[in-house]
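Student: Here's my sequence, what's the structure:
(chains A and B)
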Amino acid sequence: MAITAPTPTADVVYEKPSRLAKLRESLAILFSSRVAVIGLSLVLFWVVMAIFADNCILHLNSCLTDNSRQSTPWLARYSPLEQFRGANNEGPSAAHWLGTDRNGRDLYARLVHGARPVLALAPISVLIALIIGGTLGVVAGYYGGLTDEVIMRGLDAMMAFPLILLYLVIIAALGASATNIVIAITLGGLPGIARLVRGLTLDIKTRDYVAAAETRGESAAYIMLVEILPNARGPIMVDAMLRIGYAIFAIGTLGFLGLGLPPPSPDWGSMVSSGMRYIQAGHPWDALWGSLAIASIVVGLNLLADGLNEESNRYR
Amino acid sequence: MQYRKNDQPIISVRNLGIAYETRKGDIHAVRDVSFDIYRGETVGIVGESGCGKSTLAYGLVNYLGRNGRISRGDVIFQGQSLIGRSREELRRLRGDQIAMVYQDPMTSLNPVLRIGEQMIEVLTTHRGISQEEAHKQCVAMLAQVNMPDPAKVMERYPHQISGGQQQRVVVGMAMLNNPALLLMDEPTTALDVTVEAAVLDLVNVLRRDFDTAILLISHNMGIIARVSDRVGVMYAGELIEMATVKEIFKDPSHPYTQGLIRCLPKLGRGKEDSILYPIRGRVPPPNNLPPGCLFEPRCDYAREACRQERPQLRPLKAGHITRCLFAEEIDASAWTPPVNLLPLVEDKSEAEQVTDTLLSIHNLQTYYPHGSSFLGLGEKEYVKAVDDVSFEIFRGKTLGVVGESGCGKSTLIKTIIGLEEKTGGEAIFMGTDIGEKVKKRDLLTIRELQMVFQNPDSTMNPSYSVGKQIERPLRRFKTVPPDEMRGEVVRLLRAVKLDEHYYDRLPRQLSGGEKQRVGIARALAGRPDLVLCDEPVSALDVSVQAAVMNLLLEIQKEFNTTMMFIAHDLSVVRFFSDYIAVMYLGQIMEIGPADAIYAPPYHPYTEALLSAVPIPDPTAEQKKIRLEGSVPSPLNPPSGCRFHTRCPRRHMLPDGGKICEVEVPPWRETGGGHRIFCHIPIDKLQTVAPVIHVKDGVSV
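Tutor: The predicted structure is shown next:
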């Protein structure tokens, strides 16, 4: 006997997730990775320190234009430039949490203020490198052939140049300033980003949805911007995190070599280089805090990148 | 088939359960599976993807990866339990007594070692045989797996032999130690149909010559029918039916098995006289199973009892077990299709035979430059992917193109759609020349030609919602005014049997079949005249495949769309097409109305293809024609007839077919638009007997 009564399957009602729900979902995944949470905490720690070092945030305009401004210290407790007479090269104490440097300046204040140039310049240079390098990479990868050859060989030539030497040449030619540091680091990071984006493009352009766009007669710009780049964002974001870490290293290195921000502004790299002399004399504090600061934020960014990587892999 | 019930089984699986640990708790991928395999017996396991077939095979040898484990039950191999053995013991056993063959031969062969070195190592490691003796045995084994020139193959690297030969080497290597049990996980899925046939022949030979117990896993009912003695059907991690191969196909007891058989196109049947019946719904994920019978939500016969209790495997009759509560009551032959599945295509009436040519291709050539010559020095070589192809497509009809991989069928449609540039010849579409790449075509031509892609996972851009992606062609071709956009998208979604909830979904939330439907909706959005389908169903499970094909037919009927349909599955192409072209090495060998292609006179290549098709009917008799060698390189195709190096019918010509090597064959007309590209005259080809004889009458 045949029993034929097809029961219509009720379709599960699906609701569009709100933006907030999507954000919550992404955050939940990020926070489920312990590595990412540690990384994020380290980075956030320095961001908070940099923002609330003094009361600058209340009158940003005068802070940015007037170098001789007197701002009230908040988290930093003292001004990074204030010299305490008779308190040179001291170890940590209740008055000076991390000790003082050879000029009697509070190391804690200098460390906290030193986060500012690092956290401003590194992301800016990476962002610029990302825009230029990303464009070159996607164009080279999508068009291929001669375009690819010309772009990539040019970038290879840049890559062949030792990085430190490249920085030195640029800073030596243009002079030490915040802008020039950004230029140097941007140029240094550009070829790597272009290579990455080109590689991703080569992979993505073989997908059927790109062919579908081509059969609709879409323009090359549309295909690159709308079809290809959004699907490369995961690896690009992870790479950018790592690159901000490298850029911080580079800023530190330049500071160490005396090519960073002109003194007396606080700078982690120059803290290490000037403190080096006193290590053997039993005052390692200057160099120690500077190195630890650089190390902690770079490690933090790396961990965060790992966490992001995990998140982007999950949705591939 | 006689099982020696008195014998001890080679392997005996008892209530096996396999679980994977995940962050969200254990996932029980395989539950409560029991069966035995005896010496010299081939057991086929069939089921759709996600049914736990591969997990089962890996579980038998406890090779489950870090997060997998056997959660319950026992595996008894030659009287000893395999559960709880140490890694080292299992390793020795796997090398010595149990051999495995996987889908992709290249994952089993080491690319940097010669084939001989790899094979000899098996013997010297596990058997302690001397180098010379091992070499001799390996050559003998290669000869046994029908490898031409075995001594020479020993000196080659894996990449120097073809895919089919690689798989034969893997099988030979697996048999070197004369294992008691051979596990084959989709051993022919990556291979072409003619190569697949040769590997399946080999499986039968192994069973005969070595008396090995074989477990063969496949999603393809045809393959299972060809080589198995007994068949187990898996569904959502459970064995739901097991019987002899003849029983399973003649008298399937479980509604799922019945559904699987019903949704396959029968070779030789077309859309005019048969319908495919897809199984509705999809396989439940292992972490969200229905409380009662696992198949209940998709079952036409479901009753209250099916919702209440999970049925157990129970004997139905001798040698036939089933997991259906009402197996005795269900009569598969009395099954009537649900009302919404009426015949899609009416009988072709003579008056309807309009011959309005939509696309005509003349001597089309598409060559790819091969290798990069430095600064244009040296002579350039070309891969002749499509060489001198001519055909016409009539409005509202479907042209199917079949051929093995590398025959140029994909390049052909890429040239027509404008993704590749033609090298010569002409393509006229509705009176306009479409010889250029898509970027140089005008928007109107672009709009009339659209394509459906093969791979459901890459057909949609993962970054955008379904609605956005269907909307884009509407916007681009200005099919509807902007304010009617959403309504039109919903209408298109409905046309491909998806409701409007799908508008905001992202591709990762869809199954393979749903993605393919969206791909079809996107291609239809511009209301094209010609839709080119590149293997649109070959990556889908059989039940979904049937649904998508029905959908394409329905759409074709409703919109009078013309289609060009590429597939490697001859039953699918036959079912779907009005006209069929058979391609080999960049050229059409035979073209004509579908029923003429599948009946004598055949082109010798078509005949060989048909004799290789796995037929889901163990009683079908099929001629055995196996092509020798592999497809020659399209860089330097054979002179004269391109098929002459492998043609099994050359002896029909005087002089052993010398002419085939020298002269390009003529097109021989048999009438009704059926043409064969062969030196052998039609009346001689006509004497060839049909390839397949099926009991219920449809011989091909």
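Student: Averaged over its residues, which helix or strand of chain A has the lowest pLDDT?
Tutor: In chain A, the helix or strand scored least confidently by mean pLDDT, DSSP states H and E is helix A:60-65, which has a mean of 70.
Student: Let me know the average pLDDT across the very next helix or strand once past it.
Tutor: Counting by DSSP states H and E, the element after helix A:60-65 in chain order, helix or strand, is helix A:107-143. Confidence over helix A:107-143, taken as the mean pLDDT, stands at 93.
Student: after helix A:107-143 comes which helix or strand?
Tutor: The next secondary structure element downstream of helix A:107-143 (using DSSP H and E) turns out to be helix A:145-160.
Student: what comes up buried for that following helix?
Tutor: Under the neighbour-count criterion of 16 or more other C-beta atoms under 10 Å in any protein chain shown, helix A:145-160 has A:148, A:151-152, A:155, A:159 buried. For glycine as for every other residue, the C-beta is placed from the backbone atoms N, C-alpha and C.
Student: Remind me what the helix or strand bottoming out on mean pLDDT in chain B packs against, helices and strands.
Tutor: Sorting the helices and strands of chain B by mean pLDDT, DSSP H and E puts helix B:87-96 at the bottom, at a mean of 80. The contact analysis (3 or more C-beta pairs under 8 Å, 6 or more residues apart in numbering or on different chains; DSSP states H and E) places helix B:87-96 against helix B:115-127.
Student: what comes up buried for the helix it packs on?
Tutor: Buried residues in helix B:115-127, defined by neighbour count with 16+ other C-beta under 10 Å: B:115-116, B:118-123, B:127.
Student: how about low-confidence regions in the chain?
Tutor: Using chain A here. Low-confidence segments of chain A (pLDDT under 70): A:1-18, A:64-70, A:311-316.
Student: look at chain B instead
Tutor: B:1-6, B:337-355, B:371-379, B:695-700.
Student: One more pass at 50, please.
Tutor: Within chain B, the segments meeting pLDDT under 50 span B:1-3, B:344, B:347-351, B:373.
Student: Work out the gap between the host helix or strand of B:K384 and the centre of the chain.
Tutor: Counting by DSSP H and E, the secondary-structure element that holds B:K384 is strand B:381-394. Average the C-alpha atoms of strand B:381-394, do the same for its chain, and the two points are 25 Å apart (C-alpha atoms, centre = their mean, to the nearest Å).
Student: can you list contacts of the least confident helix or strand of chain B?
Tutor: Applying C-beta atoms under 8 Å, 6 or more residues apart in numbering or on different chains, the contact partners of helix B:87-96 are B:61-63, B:77, B:82, B:85, B:100, B:122, B:125-126, B:177, B:179.
Student: repeat that with 10 Å
Tutor: With C-beta atoms under 10 Å, 6 or more residues apart in numbering or on different chains as the contact definition, helix B:87-96 has outside contacts at B:61-63, B:77-78, B:80, B:82, B:85-86, B:98, B:100, B:122, B:125-127, B:177-181, B:183.
Student: which helices and strands does the next helix or strand after it pack with?
Tutor: Beyond helix B:87-96 on the C-terminal side, the first helix or strand identified by DSSP H and E is strand B:98-101. On a contact count with 3 or more C-beta pairs under 10 Å, 6 or more residues apart in numbering or on different chains; DSSP states H and E, strand B:98-101 meets helix B:53-60, helix B:163-175, strand B:181-185, strand B:213-218.
Student: Nearest to A:G137, out of the ones you listed?
Tutor: With C-beta to C-beta, the closest approach to A:G137 among the helices and strands packed on strand B:98-101 belongs to helix B:163-175: 34.4 Å.
Student: now the angle between strand B:181-185 and that closest one, please.
Tutor: Computed by axes from the mean of the first three to the mean of the last three C-alpha atoms, to 10 degrees, the angle separating helix B:163-175 from strand B:181-185 equals 150 degrees.
Student: Which other helices and strands does helix B:163-175 contact?
Tutor: Packing partners of helix B:163-175 (3+ C-beta pairs under 10 Å, 6+ apart): strand B:98-101, helix B:115-127, helix B:131-144, helix B:150-154, strand B:181-185, helix B:193-210.
Student: again, 6 Å this time
Tutor: Contacting helix B:163-175 under the criterion 3 or more C-beta pairs under 6 Å, 6 or more residues apart in numbering or on different chains; DSSP states H and E are the following elements: strand B:98-101, helix B:115-127.
Student: how about those, which one is nearest A:P262?
Tutor: The stretch from the helices and strands packed on helix B:163-175 with the least distance to A:P262 (C-beta to C-beta) is helix B:115-127; that distance is 65.8 Å.
Student: Extract the C-alpha trace of the closest one and format it as PDB.
Tutor: Listed next in PDB are the C-alpha coordinates belonging to helix B:115-127 (Å, rounded to 0.1, in the frame of the first residue of the first chain):
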ATOM      1  CA  ILE B 115      57.200   5.100  -8.500                       C
ATOM      2  CA  GLY B 116      59.500   2.100  -8.200                       C
ATOM      3  CA  GLU B 117      61.200   3.400  -5.100                       C
ATOM      4  CA  GLN B 118      57.800   4.000  -3.400                       C
ATOM      5  CA  MET B 119      56.500   0.600  -4.300                       C
ATOM      6  CA  ILE B 120      59.700  -1.300  -3.300                       C
ATOM      7  CA  GLU B 121      59.700   0.500   0.000                       C
ATOM      8  CA  VAL B 122      56.300  -1.000   0.900                       C
ATOM      9  CA  LEU B 123      57.800  -4.500   0.500                       C
ATOM     10  CA  THR B 124      61.200  -4.000   2.100                       C
ATOM     11  CA  THR B 125      59.600  -2.200   5.100                       C
ATOM     12  CA  HIS B 126      56.800  -4.500   5.900                       C
ATOM     13  CA  ARG B 127      58.000  -7.800   4.600                       C
END
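Student: For the stretch 51-200 of chain A, which residue gets nearest to chain B?
Tutor: Sorted by distance to chain B under C-beta to the nearest C-beta, the residues of the stretch 51-200 of chain A start with A:G145, at 10.3 Å.
Student: so what's that residue up against?
Tutor: A:G145 makes no contacts at all, as judged by C-beta atoms under 6 Å, 6 or more residues apart in numbering or on different chains.
Student: Quick check: phi and psi on the residue nearest the centre of chain A?
Tutor: Central residue check for chain A by C-alpha atoms, centre = their mean: the C-alpha nearest the mean position is that of A:I244, 2.4 Å away. Dihedral angles phi and psi of A:I244 (degrees, to the nearest 10) take the values phi -60, psi -40.
Student: ditto for the one 4 residues further on
Tutor: Backbone geometry at A:I248, expressed as degrees, to the nearest 10, gives phi -60, psi -40.
Student: Go ahead and confirm it touches A:L119.
Tutor: No. With contact defined as C-beta atoms under 6 Å, A:I248 and A:L119 do not form a contacting pair (8.3 Å).
Student: Counting neighbours, go ahead and name the busier of these two.
Tutor: Neighbours were counted for A:I248 and for A:L119 using other C-beta atoms under 10 Å in any protein chain shown; A:I248 has more, 27 against 20.
Student: Give me the number of neighbouring residues for the spatially closest residue to the more buried one that is not a sequence neighbour.
Tutor: If you skip the residues right next to it in sequence, A:I248 has A:A122 as its closest partner in space, 4.9 Å away by C-beta to C-beta, 6 or more residues apart in numbering or on different chains. Around A:A122 there are 26 other residues, counting by other C-beta under 10 Å.
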